[in-house]
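Novice: Task: produce atomic coordinates for the following.
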Amino acid sequence: MPKDTYFVNIDHRELTAVAARIFTAIGCAQAEADIVSKLLVTANLVGHDSHGVARIPRYVEYCRNGEVVPNQTATATFENAQIAIYDGNKGFGQSIGVQIMTAGIEKARHNGIAMIGVGNVGHLGRIGDWTEMAIEAGQVSMHFVNTSGAGMTVAPFGGVESRYATNPISIGMPNASGEPLVFDAATSMLAEGKIMVARNKGVNLPDGALTGSDGSPTNDPNALYEKPSAVMNSMGAHKGSGLAIMADLLAGSLGGGGCAQPGVTGLANGMLSILIDPNVFADASFVQTETTRFTDWVRSARPANPAKPVLLPGDPERNTRMEREKNGIPLDETTWRLIQETATSLKVTA
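Specialist: Residues are numbered from 1 along each chain as shown. All right, here's what the predicted structure looks like:
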């Protein structure tokens, strides 16, 4: 199904301004529009186009349908010195995420460890944003994400019917004497947004990403959006499936938003985050020395391809960010057209 596709390269500052105008027009206060826009564009800058500005039309549609409500703040349903569980009140995931992570970082700073949960919140975006926010505060963090039912696209290992979403996991480790480590990945073979981007580009998916509605493999990204739909497959077969199930339980049952279930029509994310401040209880010099020693040891492995050195979690994103900050963010023609059409529908310029 490949087709001829052209790309436009757009400066990240210009793209951020376009996104902010759109979100302001849909009802967001300027501060919220700025947060959502900045984090969507950051996803593009680091190469996670699946969680970038391609989602703008969807976000606007969520608002129009009442699935996401601008200018909300999360409400604590339980809180003590180390734990807080929040209802996101259908707010934008990016602005709610900043609110709850700020609270969690502060709790970990005082107590060494904190656990934050949130449910009933809009799409939380690139989960690495929250890992990086903790790293900036010098904290280790782990994040487990699910949806409450809408967006169930992934089949458990051995199954051909969807039972949960892509359920990403992100883990971050500061590195005072080098680059921090950020692991951020869906538990499915591909993030759903990557399939959306492939559909916009008109390109096929890699083998193993989807199983068609007839039970046979398919490389066509359109198959996920047809009725009956294809299902996404887990990364690493039973291992990825097991991680997805545990992420759903942690984010859904402990985080308070509920696990995936049928009959849910509105997309709502849930997240459980654990934050650790090693400065409270650990020997800082030992943590720094071991982090540097171990990461240097891993990097020193002889590469299979001499032209491609061994990378650590977070390296590909840093490399992509440097290139795209310099040369602009490439958007395929369909993605850019859909953003322009969304802007026009709101009577703003793109």
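
Novice: Is Met235 in contact with Thr187, as I believe?
Specialist: Yes. Applying CB atoms under 8 Å as the test, Met235 and Thr187 come out as touching, 6.2 Å apart. Quick note: C-beta positions are derived from backbone N, CA and C, even for glycine.

Novice: These two: which has the busier surroundings?
Specialist: Thr187 (28 against 20; other CB atoms under 10 Å).

Novice: Next, the buried residues of the helix or strand that contains Lys38.
Specialist: Taking DSSP states H and E as the criterion, Lys38 maps to helix 30-45. For helix 30-45, burial by neighbour count (16 or more other CB atoms under 10 Å) applies to 32-37, 39-45.

Novice: shared neighbours, Met235 and Thr187?
Specialist: Taking CB atoms under 8 Å, 6 or more residues apart in numbering as the contact criterion, Met235 and Thr187 have no common neighbours.

Novice: How about Gly215, nearest residue that isn't a chain neighbour?
Specialist: Val160 (5.1 Å; CB to CB, 6 or more residues apart in numbering).

Novice: Would you quantify the distance from the one you found to Thr166?
Specialist: Val160 sits 17 Å away from Thr166, taking CB to CB, to the nearest Å as the criterion.

Novice: So between these two, which is more surrounded?
Specialist: A count of neighbours by other CB under 10 Å puts Thr166 above the other of Val160 and Thr166, at 28 against 15.

Novice: got a list of what that one touches?
Specialist: Counting by CB under 8 Å, 6+ apart, Thr166 has contacts 153-154, 186-188, 191-192, 232, 244.

Novice: what's the answer for Ile96, then?
Specialist: 72-74, 86, 88-89, 118, 121-122, 124.

Novice: Next: Ile135.
Specialist: Counted by CB under 8 Å, 6+ apart, Ile135 has contacts 141, 172-174, 180, 182.

Novice: what helix or strand is it on?
Specialist: Assigned by DSSP H and E, Ile135 falls in helix 128-136.

Novice: Among the contacts of Ile96, name the buried ones.
Specialist: Buried members of these, scored by 16+ other CB under 10 Å, are 72, 74, 86, 88, 118, 121-122, 124.

Novice: now, which of those residues lie within strands?
Specialist: Among the buried ones among the contacts of Ile96, the members falling in strands (DSSP state E) are 86, 118, 121.

Novice: I figured the second one was touching Leu254, is that so?
Specialist: In other words, Val118. No. Counting by CB under 8 Å, Val118 does not reach Leu254; the two are 11.0 Å apart.

Novice: Let's verify Ile274: helix, strand, or coil?
Specialist: strand (DSSP: H, G, I helix; E, B strand; the rest coil).
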